[in-house]
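*Asks:* Return atomic coordinates for the entry below.
(one chain, ligands or ions: 1)
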Amino acid sequence: MHDGKLLFGTAGVPNSTSKKNNPIDGVKRIHELGLDCMQLEFAHGVRMKEEISSGLRKISYELGVPLTSHGPYYINLNAREQDKIDSSVERIIQTAKISDLCGAESMTFHAAFYMKDSPFDVFDLVEKSMNVIEERLSRLDIQIELRPELTGKTSQFGSLEELISLTKNVESCRPCMDFSHLFARTGKFNSEEEFDEVLEVLNKELQPEAIQNMHIHISGISTNSKGDLKHLNLSDSKFDWKALLRSLKKYNCGGYMICNSPNLEDDALMLKEYYASL
Ligand SMILES: [Zn+2]
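*Replies:* Numbers count the residues shown, from 1 in each chain. Below you'll find the model as predicted:
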């Protein structure tokens, strides 16, 4: 739906939407603001009335505002108890079902915590669950990109390397490239040269499709030694978003750029404007 262009939108309903609890009004507001796409946030649970999801699908199509989605926070495919792993799998499937009803093509989620386990063991477990999820979704005839997020805390599964390996091993898996998290997590990747390096790696390891069809998150961020501390507005952060946009432009990247700064649409518009000026 992005036709290879880079589209700009907000994580959830824009702050300036009159009825903030109605995602349909959110899509209308995105359109009024001159933004391109919107992410449905199921951070605190995946429930949505039938008429809202069908209404979303309709308005998104009519206004040409594609949707992405974000699963609940309480997902951990490496939980201690098997029933918690099972319910994490269910939550991901539930998010995929509702996202599909709304017409979203790409969904992201935080896959797991390491819980002090070896990252290799956690990877195997996450991969196993991802295969189960893929299998169940294909039986339901749901086609959606499953995008584990590049996470911001060093206690969370989801490094760039892990996401690349997972994408190679699981058919419907792609990375959700949260560049602010990548910076927070590593303390690096905050210059045009380093962003180029990331895009080169994606292009080489995962084929050009990986940069032609991206799901990106961006916000200002404050960091400490454990990674992501707090989301900030871009102007209050050291994150070099202009360098990132120059790099994305240079590589002709396409897909969805979702802004999750506290001021949502203000930063999304600033990003879109700067990108258009390049
Ligand atoms: Zn997230």
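*Asks:* Following element in sequence after the helix or strand bottoming out on mean pLDDT in the chain, please.
*Replies:* Using mean pLDDT, DSSP states H and E, the weakest-scoring helix or strand in the chain turns out to be strand 227-232, at a mean of 84. Toward the C-terminal end, the helix or strand that comes next after strand 227-232 (DSSP states H and E) is helix 241-250.
*Asks:* Enumerate the positions of that following helix that are buried.
*Replies:* Along helix 241-250, the positions that meet the burial threshold by neighbour count (16 or more other CB atoms under 10 Å) are 241, 243, 244, 245, 246, 247, 248. Where you see a C-beta, it was placed from the backbone N, CA and C, and this is true even at glycine.
*Asks:* and if you look at stretch 47-67?
*Replies:* Taking 16+ other CB under 10 Å as the criterion, stretch 47-67 shows 48, 52, 53, 55, 56, 57, 59, 60, 65, 66, 67 as buried.
*Asks:* how about that stretch as CSV, C-alpha atoms only?
*Replies:* The C-alpha atoms that make up stretch 47-67 are tabulated as CSV, following Å, rounded to 0.1, in the frame of the first residue of the first chain:
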residue,chain,number,x,y,z
ARG,A,47,-10.0,-5.6,21.9
MET,A,48,-12.0,-3.8,19.3
LYS,A,49,-15.6,-3.7,18.4
GLU,A,50,-16.5,-5.2,15.1
GLU,A,51,-18.0,-1.9,13.8
ILE,A,52,-14.8,-0.1,14.7
SER,A,53,-12.5,-2.6,12.8
SER,A,54,-14.8,-2.6,9.7
GLY,A,55,-15.1,1.2,9.9
LEU,A,56,-11.3,1.5,10.1
ARG,A,57,-10.8,-0.7,7.1
LYS,A,58,-13.3,1.4,5.1
ILE,A,59,-11.9,4.9,6.1
SER,A,60,-8.3,3.7,5.6
TYR,A,61,-9.1,2.6,2.1
GLU,A,62,-11.2,5.7,1.3
LEU,A,63,-8.7,8.2,2.5
GLY,A,64,-5.7,6.3,1.4
VAL,A,65,-4.2,6.1,4.9
PRO,A,66,-2.7,2.6,5.4
LEU,A,67,-2.5,1.2,8.9
